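Chemist: Predicted model, plus sequence, below.
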Amino acid sequence: MRVAPILSSSHSRATTFKASINKSKKRGLGILGGSFDPIHLGHTQSAQAVAKELALSEVLLIPAYISPLKTTPDLVPHASAKQRAEMVEMACQSNELFSCDTQELSRAGHSYTVDTLKALKESHPNHILYFIIGMDSLITFTQWQDYQQILTLCHLVVNTRPEHDLSQLDNHTKKLLSQHQINDKEVLSTLDSGKIFFADPVYYDISSTQIRQRIAQQQSCEKLLTPIITDYIKKNNLYR
Ligand SMILES: Nc1ncnc2c1ncn2[C@@H]1O[C@H](COP(=O)(O)OP(=O)(O)OP(=O)(O)O)[C@@H](O)[C@H]1O
Ligand SMILES: O=C(O)c1ccc[n+]([C@@H]2O[C@H](COP(=O)([O-])O)[C@@H](O)[C@H]2O)c1
C-alpha cells in the first residue's frame with residue numbers, strides 16, 4: 001500500500017485531496033433477479049463471470065414472487081415461492097459471492113424491479129448497483145414498469161444467451177441502447193447509474209424451461225444444476 005507523505009505546500013495538499021477522492025470510490029453491488037424455477041448453472045456462472053469482470057465482491061440473488069411478464073398460466077412458476085427461495089439459499093451457501101434477498105417474496109404481488117432497486121438504494125446508499133440480466137430480458141426491457149426510472153437507479157449489465165441476440169431488439173430498445181450503452185468498464189465504475197454494459201460474451205446454454213422439461217422426461221440435468229439443487233428437486237418431487 002502506498003502511504004501519502006505529509007506535505008505542507010498547497011500543491012501537495014491538492015494531490016493528497018485527489019487521492020482521497022479515488023479512495024472513496026463507491027463499491028459495486030451485483031443484483032440478479034429471477035424466477036429461479038429452478039436456479040441453474042447458467043444463472044450462477046454468468047453472474048460469477050460478471051462479478052469477476054467488474055470486480056464485484058457481492059451479488060444479491062433476488063427470487064421474484066411474480067415476475068411481471070410471466071403472469072399467464074403457462075409461464076407462472078411451477079415450484080412455490082418458498083421452494084424457489086430455498087433453492088436460491090442453497091446456491092448461496094455453496095458460494096460466498098452470493099447472498100439471497102427475499103424482499104420481493106415479502107412484498108408479494110408483482111415483483112417490479114423499480115421497487116426493488118429503490119429499496120436497495122436506501123439500504124446500500126454507498127454502492128453502485130449493477131442489475132444483471134440476460135439478453136432475453138433486454139429484449140423485453142422497454143415493457144418493464146418504469147424502465148426509464150430503473151436506469152436512474154442502477155446500471156444494466158447484459159449477459160449473452162444462446163438464441164437471443166441484438167437483431168431481436170425492437171427500434172425502441174435500439175434507441176435506448178444508442179443513448180445508454182457504454183463499453184468502457186473503468187468509466188462505468190465512476191458513474192452511479194444510467195448505463196447499459198454488455199459483459200464479455202460467454203454462452204451458457206441452460207434455461208429453467210429446459211431443466212423442467214428434462215426432469216419431466218426423466219433426463220439427466222447433471223451439467224445444468226449443482227448436485228445439491230438436483231437433490232432438492234428430487235426430494236420435493238418438483239417438475240415431474
Ligand atoms: N444461461 C443463462 N445465461 C445468462 N443469463 C441467464 C441465463 N439463464 C437465465 N439468465 C438470466 O437470469 C435472469 C433470471 O432468469 P430466469 O430465472 O427467468 O431463468 P430462465 O432460465 O430464463 O427461466 P425460464 O426458462 O423459466 O424462462 C434473467 O435476466 C435471465 O435472462
Ligand atoms: O419490473 C418489471 O416490470 C419487470 C418485468 C420483467 C422482469 N423483471 C425482472 O427481471 C428479472 C428476470 O425476470 P424473469 O421473468 O426472467 O424471471 C426478475 O427480477 C424480474 O422481476 C421485471
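Modeler: Cool, the structure landed. Ligands and ions are numbered 1, 2, ... in the order given.

Chemist: Please enumerate the helices of this protein.
Modeler: Assigned by DSSP state H, the helices in the chain fall at 10-23, 41-54, 81-93, 103-107, 113-123, 135-140, 147-153, 171-180, 185-188, 208-216, 227-235.

Chemist: Out of those, flag the one nearest ligand 1.
Modeler: helix 41-54 (2.3 Å; Cβ to the nearest ligand atom). C-beta here means a position set from N, CA and C on the backbone, and glycine is covered the same way.

Chemist: what packs against that closest one?
Modeler: strand 27-34, strand 59-63, strand 127-134, strand 155-159, helix 185-188 (3 or more Cβ pairs under 8 Å, 6 or more residues apart in numbering; DSSP states H and E).

Chemist: If we use 7 Å, what do you get?
Modeler: Judged by 3 or more Cβ pairs under 7 Å, 6 or more residues apart in numbering; DSSP states H and E, the packing partners of helix 41-54 are strand 27-34, strand 127-134, strand 155-159.

Chemist: Of the ones you listed, which is nearest Leu176?
Modeler: With Cβ to Cβ, the closest approach to Leu176 among the helices and strands packed on helix 41-54 belongs to strand 155-159: 9.8 Å.

Chemist: Next, see if that closest one gets close to ligand 2.
Modeler: No. Applying Cβ under 6 Å from any ligand atom, one finds strand 155-159 separated from ligand 2 by no less than 10.5 Å.

Chemist: Average pLDDT for that strand, rounded please.
Modeler: Strand 155-159 shows an average pLDDT of 98 in the prediction.

Chemist: Using PDB, list the CA coordinates for that strand.
Modeler: This file holds the C-alpha atoms of strand 155-159, laid out as PDB (Å, rounded to 0.1, in the frame of the first residue of the first chain):
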ATOM      1  CA  HIS A 155     -26.500   0.200 -14.500                       C
ATOM      2  CA  LEU A 156     -27.800  -2.800 -16.500                       C
ATOM      3  CA  VAL A 157     -25.200  -5.500 -17.300                       C
ATOM      4  CA  VAL A 158     -26.300  -7.700 -20.100                       C
ATOM      5  CA  ASN A 159     -25.200 -11.300 -20.500                       C
END
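
Chemist: List the contacts of that strand.
Modeler: Strand 155-159 is contacted from outside by 46, 50, 128, 130-135, 138, 188, 193, 195-199, using Cβ atoms under 7 Å, 6 or more residues apart in numbering.

Chemist: Could you identify the buried members of the residues you listed?
Modeler: Among those, those buried by neighbour count (16 or more other Cβ atoms under 10 Å) are 46, 50, 128, 130-135, 138, 188, 193, 195-199.

Chemist: still on that earlier bit, out of the helices and strands packed on helix 41-54, deepest packed?
Modeler: strand 155-159 (a mean of 25; mean count of other Cβ atoms under 10 Å).

Chemist: Could you spell out the sheet neighbours of that one, each with its direction?
Modeler: strand 127-134 (parallel), strand 196-198 (parallel) (DSSP bridges).

Chemist: Distance to ligand 2 added to the ones you listed, as a markdown table?
Modeler: What follows is the strands paired with strand 155-159, written out as a markdown table (distance: least, Cβ to the nearest ligand atom, whole Å):
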| stretch | distance to ligand 2 |
| --- | --- |
| strand 127-134 | 6 |
| strand 196-198 | 15 |
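
Chemist: Can you add distance to Thr72 and mean pLDDT and give the ones you listed back as CSV?
Modeler: What follows is those, written out as CSV (distance: least, Cβ to Cβ, whole Å; pLDDT from 0 to 100):
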stretch, distance to Thr72, mean pLDDT
strand 127-134, 20, 98
strand 196-198, 28, 98
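
Chemist: Same list (the ones you listed) but as a markdown table, adding distance to Lys223.
Modeler: Below are those laid out as a markdown table (distance: least, Cβ to Cβ, whole Å):
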| stretch | distance to Lys223 |
| --- | --- |
| strand 127-134 | 18 |
| strand 196-198 | 26 |
